[in-house]
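Colleague: Got a predicted structure plus its sequence, pasted below:
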Amino acid sequence: MNLKKAWLAIPAAAALALTACAGGGGSATTTTNNGIVLNGSEPQNALLPGQTSETGGGRILSAIFSQLVRYEADGTAVLDVAESIEPNEDNTLWTVKLHQDRKFSDGTPVKAENFTRAWNLVTSQNQKQASFFDSFEGTNEEGVGELTGVQVVDDYTFTIKLKNPAYDLITRLGYSAYAPLPNSTLDDPDKGGQVPVGNGPYKLASDDAWEHNVKITLVPNENYVGDEKPQNEGVTYVFYNSMDAAYNDLKAGNVDVLDAVPSSAMASYQQTFAGTSVNEPYAGIMTLTIPQYLDHFKGEEGKLRRQAISMAINRDEITSTIYAGARTPAKDFTAPTLPGYSDSLPGSDVLTYNETKAKELWAQADAIAPWDGTFEIAYNSDGGHKEWVDAAANSIKNTLNIDAQGKAIVDFKTMLQQEDDQTIGASFRSGWQGDYPSIYNFLQPLYVTKAASNKGEYSNPEFDALMTKAAGAANADEATTAMQQAQEILLQDLPVIPLWYYNVNGAWSKNVSNVTFDWRGQPMLSEITKNASK
């Protein structure tokens, strides 16, 4: 998700997202239940699994939908709605059998056709998450088309036919893009996107529970019988204008849990919330996207300038000064908590501050076409990014002797829309929060030609071919080798500039207990309990 989902968003969701550290609204308001209050951000689109690729919407979908599998806190995939998922000998045909006791929040049963029709809706309408189906028979390289490879066998059984073997299909199927939809939403997706009906632990508190740009309130789904039964009376996501406002509400007791803190509190929050805070790595990365369509960033000139800018950013100084060591300078395009990660890929020196080399590369680019104008870094002003953006811009300015500055955009949703419309007119902060625990998920959706979250319009056939090879690998080692080779190409082209890996810097009030954060840096909602009032 854009950090998620994140474009990180941060969900998603960020992102989903990172793709989504964002917000809207103002301060917490009184909720209609004695539930848990958390920070969130206004979803960019309707709350349909196929239309949500950022963390604001992604975290909500994760609460109201259950997939064939779910993830434990450490990212381990375990069966959920599926009773079994079995491959044939070459991992190209998978048979899925569903539990027969699962229902949507409207009381209707979750059947095979609720998965197959939902997935066909994504691919036939070319929704944002279509690329997650690019390996299914019937779709093109962008995941668009009729899913001829997905067939209903009986009410609770269906099969998935893939173009190539996929050793890790079960792990992927826990992502929200693969969620089922009830018949009511399949018949009227517009209504279902505004008042979603899911099969997860939570449901909307009412038909008007989504107060746009303010909050969304969820309550336990009485029809849910899975393993994540809520231990609280519900959750409310408040959409904030700034993380400072959210943090102040946490200190005042108006918010129960934050999954991030503002830069202004980074050095002190663990003392302020001693015993009720966390600072640990998760599967997320912050990046800087410089779109291929911007002037001076096309072709060989653009490649040289991206490399120069990357080496002009002092990541060590920024992460130690602004984030008090709660971020780790990036060495690749993924995350160190994931299997297959490497911090020593050939070409990764381009991610290290080197003033001399940066100047040389910039001069080589100037020999192709002299630089003019100002280098801008766009960021959503509701997400607490100003400090690091200003620091990065100053580092670029001082190293390359050019004008460089931040470009504030009112909120995350507006920035995402400008990215999609290609009207942003600048480089922009970006990021990714894992959708499922695999380095493939940090590469395919972001850098394959025309992929769902490829906001910079990057395209390299050699990279695409290696990702296809990884998707069809016979085992994890073979897939990892192909993906590391693909990353070597990215380190030359730099479709985005990796900056640093995320830690989850979360905190919670004395009003709640049993707060833990998962491999994506998100609180495990169903486990949180509300303490009795004194």
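Modeller: All right, it came through fine. Residues are numbered from 1 along each chain as shown.
Colleague: contacts and neighbour counts: CA atoms only from here.
Modeller: Will do.
Colleague: Tell me which stretches of the stretch 51-200 of the chain form strands.
Modeller: 69-71, 77-79, 82-87, 93-98, 150-154, 157-161 (DSSP state E, counting those that start in this stretch).
Colleague: winner for burial among those?
Modeller: strand 69-71 (a mean of 23; mean count of other C-alpha atoms under 10 Å).
Colleague: Could you pull out the helices in the stretch 51-200 of the chain for me?
Modeller: Ranges of helices in the stretch 51-200 of the chain, per DSSP state H, counting those that start in this stretch, are 55-64, 112-124, 169-172, 183-187, 189-194.
Colleague: Output those as JSON lines; include the columns mean neighbour count, mean pLDDT and distance to Lys469.
Modeller: Below are the helices of the stretch 51-200 of the chain laid out as JSON lines (neighbours: other C-alpha atoms under 10 Å; pLDDT from 0 to 100; distance: least, C-alpha to C-alpha, whole Å):
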{"stretch": "helix 55-64", "mean neighbour count": "30", "mean pLDDT": "93", "distance to Lys469": "28"}
{"stretch": "helix 112-124", "mean neighbour count": "22", "mean pLDDT": "97", "distance to Lys469": "22"}
{"stretch": "helix 169-172", "mean neighbour count": "19", "mean pLDDT": "92", "distance to Lys469": "15"}
{"stretch": "helix 183-187", "mean neighbour count": "16", "mean pLDDT": "97", "distance to Lys469": "34"}
{"stretch": "helix 189-194", "mean neighbour count": "17", "mean pLDDT": "96", "distance to Lys469": "35"}
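Colleague: closest one to Ile497 among the ones you listed?
Modeller: helix 55-64 (20.6 Å; C-alpha to C-alpha).
Colleague: returning to what we had before: for Thr319, which of the helices of the stretch 51-200 of the chain is the nearest?
Modeller: Using C-alpha to C-alpha as the measure, helix 55-64 is the one of the helices of the stretch 51-200 of the chain that comes nearest Thr319, at 22.9 Å.
Colleague: CA-only coordinates of that closest one in CSV, if you can.
Modeller: Output of helix 55-64 as CSV, limited to C-alpha atoms (Å, rounded to 0.1, in the frame of the first residue of the first chain):
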residue,chain,number,x,y,z
THR,A,55,-3.1,2.6,3.7
GLY,A,56,-5.9,5.0,4.7
GLY,A,57,-8.5,2.7,3.0
GLY,A,58,-6.4,-0.5,3.4
ARG,A,59,-6.4,-0.5,7.2
ILE,A,60,-10.2,-0.2,7.2
LEU,A,61,-10.6,-3.0,4.7
SER,A,62,-8.3,-5.2,6.8
ALA,A,63,-10.8,-4.8,9.6
ILE,A,64,-14.0,-5.5,7.7
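Colleague: Quick check on Thr289: phi, psi?
Modeller: The phi/psi pair for Thr289 (degrees, to the nearest 10) reads phi -90, psi 130.
Colleague: partners of it in the sheet?
Modeller: Beta-bridge partners for Thr289, by DSSP bridges, are Phe428, Val496.
Colleague: what sits against it?
Modeller: The contact partners of Thr289, taken as C-alpha atoms under 8 Å, 6 or more residues apart in numbering, are Ser427, Phe428, Arg429, Ser430, Lys455, Gly456, Pro495, Val496, Ile497.
Colleague: Surely the last one and Ser310 touch.
Modeller: Translated: Ile497. Yes: shown here, Ile497 and Ser310 form a contact pair, counting by C-alpha atoms under 8 Å, at 6.1 Å.
Colleague: what do these two both touch?
Modeller: With C-alpha under 8 Å, 6+ apart as the test, Ile497 and Ser310 both reach Leu351.
Colleague: helix, strand or coil for Val37?
Modeller: Following DSSP: H, G, I helix; E, B strand; the rest coil, Val37 is assigned to strand.
Colleague: any chance of the strands of the stretch 51-200 of the chain in CSV, plus distance to Glu137?
Modeller: Shown next, in CSV, are the strands of the stretch 51-200 of the chain (distance: least, C-alpha to C-alpha, whole Å):
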stretch, distance to Glu137
strand 69-71, 21
strand 77-79, 23
strand 82-87, 15
strand 93-98, 10
strand 150-154, 8
strand 157-161, 6
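Colleague: export those to a markdown table and tack on distance to Ser131 and mean pLDDT?
Modeller: Compiled in a markdown table, those are given as follows (distance: least, C-alpha to C-alpha, whole Å; pLDDT from 0 to 100):
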| stretch | distance to Ser131 | mean pLDDT |
| --- | --- | --- |
| strand 69-71 | 19 | 96 |
| strand 77-79 | 21 | 95 |
| strand 82-87 | 22 | 96 |
| strand 93-98 | 19 | 97 |
| strand 150-154 | 16 | 98 |
| strand 157-161 | 16 | 98 |
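Colleague: my guess is Val150 meets Thr116, correct?
Modeller: Yes: under the criterion of C-alpha under 8 Å, Val150 lies in contact with Thr116, with a separation of 6.4 Å.
Colleague: Show me where the stretch 401-534 of the chain has its strands.
Modeller: Under DSSP E, counting those that start in this stretch, the stretch 401-534 of the chain gives strands at 404-409, 427-433, 496-508, 512-513, 529-530.
Colleague: Can I get those in TSV including distance to Glu42, mean neighbour count and mean pLDDT?
Modeller: Formatted as TSV, these follow (distance: least, C-alpha to C-alpha, whole Å; neighbours: other C-alpha atoms under 10 Å; pLDDT from 0 to 100):
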stretch	distance to Glu42	mean neighbour count	mean pLDDT
strand 404-409	15	20	96
strand 427-433	17	34	93
strand 496-508	20	26	95
strand 512-513	24	16	97
strand 529-530	25	18	96
